[in-house]
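*Asks:* Quick one, structure for this:
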Amino acid sequence: MNWRYWKVVCRYGHVGIGKEVSVARYLVTEKTANCIGVLDIAQAMPGVKANGVVSVLPISQQEWEAGKRMEEENFYLIRLFGLKGKQEAS
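*Replies:* This next block holds a predicted model:
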């Protein structure tokens, strides 16, 4: 199966009243996916503000791999998923 790789910049909330954090997320989809489908996926991700997708760009597999490594070091994403995991365990 062939894959398409995407860089999606999303605005996340819950960082204070009227504030936001923009974070690049790196997604992989089936080859048939288009920008609109990726936009729908990104909008449904936890923490993304309403109308919070800033950009959707197709990228190479190498850029995607580098981006996934950067995601693992992103403080905001670590907190978002770390706290979510603790809440689910309760």
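
*Asks:* name the element the most centrally placed residue in the chain belongs to?
*Replies:* Closest to where the C-alpha atoms of the chain average out (CA atoms, centre = their mean) is Arg25, at 3.2 Å. Using DSSP states H and E, Arg25 falls within strand 21-30.

*Asks:* ok, now Trp6?
*Replies:* strand 3-12.

*Asks:* show me what contacts the residue nearest to the centre of the chain?
*Replies:* Residues near Arg25 by CB atoms under 8 Å, 6 or more residues apart in numbering: Lys7, Val8, Val9, Cys10, Ala42, Met45, Glu71. C-beta coordinates here come from the backbone N, C-alpha and C atoms, glycine included.

*Asks:* measure the fourth one to Val21 for me?
*Replies:* With distances defined as CB to CB, to the nearest Å, the gap from Cys10 to Val21 amounts to 9 Å.

*Asks:* Same drill for these two, tell me which one is more crowded.
*Replies:* The neighbour comparison of Cys10 against Val21 (other CB atoms under 10 Å) goes to Cys10, with 21 against 18.
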